[in-house]
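Q: Quick one: sequence and predicted model below, then my questions.
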Amino acid sequence: MFELKWLWQNLQGNRVRYILALCLSVVGSALTIVNPYISQRIVDTFIAGDHAAQNLTDKRGLLIALCLGMIGFSLLRTGLAYLTTMQYERSSQNMMYNIRIYLYNKIQGQDREYYDRNRTGDLMTKMTGDLDMVRHSMAWIFKTIIESVTIFAAAVIYFFTIDAVLTLWMLVLAPPIFIVAYIFAKRVRPMYIDLRERLSQLNTTTQENISGNRVVKAFAREAFEIEKFTDKNKNYSAANKKAALVWLDYFPYLESFAQAFNVILMLAGGLFLMEGRITFGEFAAFTSLIWAISNPMRNIGIIINDIQRFFASLSKIIDIYYAKPAIANEHNPVQKRRYEGRIEFQNVRFKYDSALVLDDISFTVEPGETVAIMGSTGAGKTTIINLIPRFYEATSGKVLVDGVDVRNLELDELRGNIGMATQDVLLFSDTIDGNIAYGDPDLPEEDAMEYARKAAAHDFITKMPEGYDTVVGERGVGLSGGQKQRIALARALAVHRPILILDDTTSAVDLETEEHIQRSLRELEYPCTKIIIAQRVSTTCEADRILIIDRGRLIEEGTHAELLAKRGYYYDVFMLQNEGIGRQVSQSGKE
């Protein structure tokens with residue numbers, strides 16, 4: 001089976017330990033028959049035998065040896081059980097440690113489309129609950145299966161050495177038990193796949209609610225979110241109960257069959273004992289070992305339950321394990337070089353699924369040039385800048401950096417030449433200094449302060465309780481939108497990249513602060529090609545060139561003065577922002 005081969009592959013480095021654990025399980029379980037055998041000898045020799053009284057006198061040393069043997073084998077089995085459990089735990093924990101690192105690296109290496117298709121809550125479930133279920137199965141479920149099979153086999157073999165007919169009478173219930181178990185397994189497996197999906201939905205809802213708690217509170221939607229969570233929780237609970245109730249449907253049959261072993265032993269065993277076919281000690285051995293047959297049969301439903309959970313979780317983990325990004329970062333060692341910063345789009349088209357986002361986009365940005373991109377919401381502005389670091393792949397056409405198609409550049413080198421401040425600002429749960437120096441961990445604190453000044457962030461940072469050592473909350477909770485934007489801008493400036501991409505990074509700051517930032521960008525001490533997405537004319541007016549994007553097409557291009565003279569989209573925006581005059585007025589002016 002593929003899943004088991006996958007587990008064996010990932011046990012590399014722990015295989016000897018795990019095989020040792022399996023062998024110890026077999027040995028320890030097989031020793032289960034030793035004490036019943038000793039008990040049989042004691043009963044037949046010293047209690048119920050024909051010469052029991054005389055043997056107590058003549059063979060007292062044997063009795064003592066047998067009693068000490070029972071104690072010794074009990075201690076031996078206890079020690080083996082402890083050693084076996086330790087080997088299972090260590091091998092399974094080591095395996096999960098390695099798999100968890102591999103999966104984390106795999107997720108880190110995925111492209112943007114992978115994150116678009118997979119929910120955060122689902123990925124978190126795979127990395128936590130699903131992995132823990134696999135580890136539990138490796139350490140306990142497989143151990144239980146091996147021990148149950150070994151104990152059952154050892155007991156059956158021992159019983160056959162005593163009386164084959166009685167043993168066959170005992171095994172007459174095995175086929176119907178296996179039939180019931182098979183029907184149960186076939187019915188319950190899809191339920192656990194559905195249960196796993198509902199757990200993922202529950203986790204996704206929880207994650208979204210926690211990360212978006214400020215929006216929830218701003219719109220006073222707590223009651224709605226509680227209702228939504230309750231609905232997901234109810235679905236998950238219902239699926240859990242449904243799976244549990246299926247087990248309860250079959251439990252009475254399995255339990256009845258398991259109890260029937262005792263009935264058969266009392267009837268057939270008692271009859272054979274009265275006929276003298278077996279001795280009292282042999283009957284006692286059957287009685288003391290009847291659990292070795294009935295318990296595995298009784299536990300078969302629980303084992304199947306856990307095995308189905310195991311396969312449902314393992315299939316989700318394997319989905320991540322073998323996921324291949326369309327845009328792979330191979331991290332090949334290359335001699336890092338600093339780009340000049342020339343960017344060219346040649347007839348670029350981009351589709352997301354079946355929706356056309358960019359259509360025949362062509363433009364060139366020369367090294368050191370500042371180009372602003374403006375357009376309505378959803379026009380494709382952010383998609384354009386996402387194609388430069390190759391977060392997405394152009395459907396057709398070419399995106400070139402320094403005259404080389406980005407598909408032919410090593411991703412680490414390409415992205416190592418680009419500084420970005422994105423529209424959706426994300427700050428890590430770290431100090432402000434740590435967030436600014438994220439792209440360069442060795443950045444001196446004085447330099448971090450300098451770039452914070454350029455981003456107009458120094459003043460508000462110094463007023464915070466611990467200044468640059470202030471720890472911001474998750475995703476920057478506790479900071480205003482403008483403060484987060486300025487820290488993100490400082491982070492992008494601090495890495496000294498030859499290409500700087502700013503996606504609407506001054507939308508939440510006032511005009512005075514924006515002017516300070518624009519002046520800082522003009523006076524950068526290192527050569528830098530800048531692409532700025534903005535909606536304010538005050539941000540775009542001093543750019544060397546302005547590109548106007550509408551419905552995925554480049555409809556206008558030129559300087560501030562040239563675009564005003566064209567009296568198109570840019571002119572309308574300028575009038576709206578500076579004079580409050582709408583399109584109707586601008587059209588009448590044209591006439």
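A: Great, that's in hand.

Q: how about the strands of this structure, start to end?
A: Taking DSSP state E as the criterion, the chain contains strands spanning 343-352, 355-365, 370-375, 396-401, 404-405, 418-421, 499-503, 529-533, 545-550, 553-558.

Q: How much space separates residue 160 from residue 166?
A: For residue 160, the distance to residue 166 under the criterion Cβ to Cβ, to the nearest Å works out to 9 Å. C-beta here means a position set from N, CA and C on the backbone, and glycine is covered the same way.

Q: Pull the contacting residues for the residue lying closest to residue 440 once chain neighbours are set aside.
A: Sequence neighbours aside, residue 495 is the residue nearest to residue 440 in space, at 5.5 Å (criterion: Cβ to Cβ, 6 or more residues apart in numbering). For residue 495, the contacting residues are 419, 439, 440, taking Cβ atoms under 8 Å, 6 or more residues apart in numbering as the criterion.

Q: from these, which is closest to residue 321?
A: Nearest to residue 321 among the contacts of residue 495, counting by Cβ to Cβ, is residue 439 at 29.7 Å.

Q: wait, doesn't that closest one sit right on residue 490?
A: No - with contact defined as Cβ atoms under 8 Å, residue 439 does not reach residue 490; the gap is 10.5 Å.

Q: Settle it for me: which of those two has more neighbours?
A: Set residue 439 next to residue 490 and count neighbours by other Cβ atoms under 10 Å: residue 490 wins out with 27 against 16.

Q: what's the spacing between the nearest residue to that one once chain neighbours are set aside and residue 504?
A: Nearest non-adjacent residue to residue 490, counting by Cβ to Cβ, 6+ apart: residue 455, 3.9 Å away. Using Cβ to Cβ, one obtains 15 Å as the distance from residue 455 to residue 504.

Q: so where's the stretch 151-300 of the chain shaky on pLDDT?
A: The stretch 151-300 of the chain contains residues with pLDDT under 70 at 211, 214.

Q: ok, 90 please
A: Low-confidence segments of the stretch 151-300 of the chain (pLDDT under 90): 151-152, 155-156, 158-159, 161-163, 166-230, 232-233, 235-270, 272-300.

Q: quick one: the helices in it?
A: Ranges of helices in the stretch 151-300 of the chain, per DSSP state H, counting those that start in this stretch, are 164-171, 174-211, 213-218, 222-264, 270-274, 280-289, 291-321.

Q: Which neighbouring elements make contact with the last one?
A: Yep, that's helix 291-321 we're talking about. Under the contact criterion of 3 or more Cβ pairs under 8 Å, 6 or more residues apart in numbering; DSSP states H and E, helix 291-321 touches helix 2-10, helix 60-108, helix 131-136, helix 142-162, helix 174-211, helix 222-264.

Q: The first one packs against which elements?
A: It stands for helix 2-10. helix 60-108, helix 291-321.

Q: Using a markdown table, please lay out these together with distance to residue 281.
A: Written out in a markdown table, the entries for the helices and strands packed on helix 2-10 read as follows (distance: least, Cβ to Cβ, whole Å):
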| stretch | distance to residue 281 |
| --- | --- |
| helix 60-108 | 12 |
| helix 291-321 | 17 |
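
Q: which stretch in those is the model least sure about?
A: Out of the helices and strands packed on helix 2-10, helix 291-321 stands lowest, with a mean of 82 (criterion: mean pLDDT).

Q: Closest to residue 428 out of the contacts of residue 495?
A: residue 439 (11.9 Å).

Q: I'd like the distance between the closest residue to that closest one other than its chain neighbours and residue 502.
A: Take residue 439 and drop its neighbours on the chain: the residue closest to it by Cβ to Cβ, 6+ apart is residue 495, 3.9 Å away. Noted for residue 495: a distance of 13 Å to residue 502, by Cβ to Cβ.
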